[in-house]
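Visitor: I would like to see how this sequence folds:
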Amino acid sequence: MYAVIAEGRDPDTYGPVVLFESPTNADAWHPVPGVTTGEAGYGGEISIAQGVVWVMLHPAIVTSQGDTDLSTLYRSRDSVTWHRESLPCPSGTVASVAAATSTRDYVVCGGGGAAGSQFKSAYRSDNGGASYVRVGNAPFAGDFEAVAASPATVAVTAASGGTFISASFDNGHTWVGTLAFGDGGVGLSDLGFTTATQGVVIYGQINYPPGLQLLMTHDGGHSWIPVNVTPT
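Guide: Numbers count the residues shown, from 1 in each chain. Here you go, the predicted structure:
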């Protein structure tokens with residue numbers, strides 16, 4: 001099991017973000033050597049496919065004028081040895097990673113734009129991250145939140161004036177909208193695919209738990225439906 005932990009002393013301070021790991025049969029967490037933002041940073045993403053683990057962390061440059069969010073990518077093929085990987089993103093963008101198979105992953109770089117929209121440059125690697133090719137950009141609407149992938153689908157979430165999921169079913173070349181709420185940008189979190197056809201995402205704000213709702217897809221991301229998880 002893996003977890004990305006922010007080491008700040010309180011919500012108003014910044015500290016290093018560290019990848020922790022534990023065996024699945026024990027509560028024995030310890031930091032993974034070298035997989036950290038160092039002095040300051042924001043939480044990142046963990047994406048696993050067919051035994052290959054990708055971790056994106058976000059170091060921060062903290063100044064009196066504001067904070068700049070950066071990105072660093074790590075990969076392990078055996079959960080023992082970790083390597084820092086190169087990113088294909090343009091400067092001034094922030095990246096997220098999604099593993100589709102043991103050899104295919106996607107990196108989406110968000111940056112630029114205005115008025116509740118953001119460029120979302122998508123890249124695909126078919127050789128385990130050794131090289132990337134630019135594929136079709138995800139839709140401009142909304143500020144980029146997250147990306148997830150399965151062998152058949154890559155999807156991104158975005159929010160601003162509304163809440164959106166867009167997906168590609170041809171390896172990132174063309175994109176279509178698969179969910180849109182005109183909700184003022186409530187947002188989505190924890191997007192992920194558990195199989196080639198099944199995926200999950202949480203709709204709502206974490207600071208308002210009563211409003212959270214689980215959405216699922218059973219057709220590879222073509223449609224998303226709410227699921228009632230209230231105990232009866």
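
Visitor: Spatially nearest residue to residue 181 (excluding sequence neighbours)?
Guide: Spatial nearest neighbour of residue 181, chain neighbours left out: residue 163 (4.3 Å); criterion: C-beta to C-beta, 6 or more residues apart in numbering. The C-beta positions use only the backbone N, C-alpha and C, and glycine is treated the same way.

Visitor: Spit out the contact partners of the one you found.
Guide: By C-beta atoms under 8 Å, 6 or more residues apart in numbering, the residues touching residue 163 are 142, 157, 179, 180, 181, 183, 185, 186, 187, 188, 203.

Visitor: same question, residue 145
Guide: Residue 145 touches 156, 157, 158, 159, 187, 188, 189, 191, counting by C-beta under 8 Å, 6+ apart.

Visitor: Just say helix, strand or coil for it.
Guide: Classification of residue 145 by DSSP: H, G, I helix; E, B strand; the rest coil places it in strand.

Visitor: Relative to residue 193, how far out is it?
Guide: Per C-beta to C-beta, to the nearest Å, residue 145 is found 16 Å from residue 193.

Visitor: what's across from residue 55 in the sheet?
Guide: residue 46, residue 74 (DSSP bridges).

Visitor: Of the contacts of residue 145, grab the buried ones for ChimeraX.
Guide: In ChimeraX, this line selects whichever of these come out buried by 16 or more other C-beta atoms under 10 Å:
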select :156,157,158,159,187,188,191
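
Visitor: Between the contacts of residue 145, which sits nearest residue 198?
Guide: residue 191 (12.6 Å; C-beta to C-beta).

Visitor: What confidence value was assigned to residue 62?
Guide: For residue 62, the pLDDT comes out at 67.

Visitor: same deal with the one 3 residues further on?
Guide: According to the model's per-residue confidence, residue 65 sits at a pLDDT of 62.

Visitor: again with residue 6
Guide: pLDDT recorded at residue 6 is 83.

Visitor: cool, residue 44 as well?
Guide: pLDDT recorded at residue 44 is 88.

Visitor: Give me the buried positions along the helix or strand that it is a member of.
Guide: According to DSSP states H and E, residue 44 maps onto strand 41-49. Neighbour counts using 16+ other C-beta under 10 Å place 41, 42, 44, 45, 46, 47, 49 of strand 41-49 among the buried residues.

Visitor: The fourth one touches residue 96, doesn't it?
Guide: Yes - shown here, residue 45 and residue 96 form a contact pair, counting by C-beta atoms under 8 Å, at 5.5 Å.

Visitor: so what sits against both of these two?
Guide: Residues touching both residue 45 and residue 96 (C-beta under 8 Å, 6+ apart) are 56, 146.

Visitor: Check the contacts of residue 163 for burial and list the buried ones.
Guide: For the contacts of residue 163, buried by 16+ other C-beta under 10 Å: 142, 157, 179, 185, 187, 188, 203.

Visitor: Ramachandran coordinates for the residue nearest to residue 181?
Guide: Torsion angles at residue 163 (phi, psi; degrees, to the nearest 10) stand at phi -120, psi 130.

Visitor: Perfect, that will be all.
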